[in-house]
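J.: kindly return the folded structure for what I paste below:
(2 chains)
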Amino acid sequence: DVKVTQSSRYLVKRTGEKVFLECVQDMDHENMFWYRQDPGLGLRLIYFSYDVKMKEKGDIPEGYSVSREKKERFSLILESASTNQTSMYLCASSFRGYNEQFFGPGTRLTVL
Amino acid sequence: AQSVTQLDSQVPVFEEAPVELRCNYSSSVSVYLFWYVQYPNQGLQLLLKYLSGSTLVKGINGFEAEFNKSQTSFHLRKPSVHISDTAEYFCAVSVNQAGTALIFGKGTTLSVSS
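T.: Modelled structure (predicted):
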């Protein structure tokens, strides 16, 4: 089975802190994605990556950055966390040439 | 650009009743279509997908969906729901190109009661 894991299920941080959310997949997928999920807004794409060291902005990249140094790992970075970044963050991965995405369990981030 | 509209934000239904969750999409090119389910405090799980071929697609847990190109719709149906089907359901679309990102609808909360 494809497995996508996220480093934390729940995270509480203070305004202004630097926050790292880690995602690891074990199926050798080329593509990896970060979404945030908010009630009534569905899933919105923050960043995605088609290959190691490659990244593309999604619909809402402001306030976020990403890092992909290894194929299996995709990190989302909040350089200076703000209260409006309180949300559920979902990581996903897929094979190149195949659009079905596999999701991790999510990280619920609260910024105080 | 592509977009997805889920026409109902909440659908309450009684156990063993049929249900339809509606999804319309907009795209000027051919698309792939997906339905995902999210149970409370979990990630998303693929229910079914349409890539090509037969327009009636069967998925897990007794769900099915029909791709209607003329109506640009991909409605999800189940003939008889269970309490355990209570969850949030997301329709998603991507263009017919390898490796592109999915665009999600805002979700429909299905609440099944006894």
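
J.: got the contact list for B:W35?
T.: B:21, B:23, B:46-49, B:59, B:63, B:65, B:74, B:76, B:89-92 (CB atoms under 8 Å, 6 or more residues apart in numbering or on different chains). Placement of C-beta: from N, CA and C, glycine included.

J.: B:Y36 too?
T.: With contact taken as CB under 8 Å, 6+ apart, B:Y36 is in contact with A:103, B:44-47, B:89-90, B:92, B:104.

J.: which residue is nearest the centroid of chain A?
T.: When CA atoms, centre = their mean is applied to chain A, the residue found nearest the centroid is A:W34 (3.0 Å).

J.: low-confidence regions, the chain specifically.
T.: All of this is about chain A. A:1-2, A:98 (pLDDT under 70).

J.: let's do chain B instead
T.: For chain B, residues meeting the criterion pLDDT under 70 lie at B:96-99.

J.: try it again with 90
T.: B:1-3, B:27-31, B:40-43, B:51-54, B:94-103 (pLDDT under 90).

J.: quick one: name the residues of it near chain A.
T.: By CB under 8 Å from any CB of the partner chain, the residues of chain B that approach chain A are B:9, B:32, B:34, B:36, B:41-46, B:49, B:51, B:90, B:94, B:98-107.

J.: now do the strands in the chain.
T.: I went with chain A, as the question did not name one. Taking DSSP state E, the strands of chain A run over residues A:4-6, A:10-13, A:19-25, A:31-38, A:42-49, A:56-57, A:64-70, A:73-78, A:87-94, A:102-103, A:107-111.

J.: correction: the question concerned chain B.
T.: B:3-6, B:10-14, B:19-21, B:23-26, B:31-38, B:44-50, B:56-58, B:64-68, B:73-78, B:87-95, B:103-104, B:108-113.
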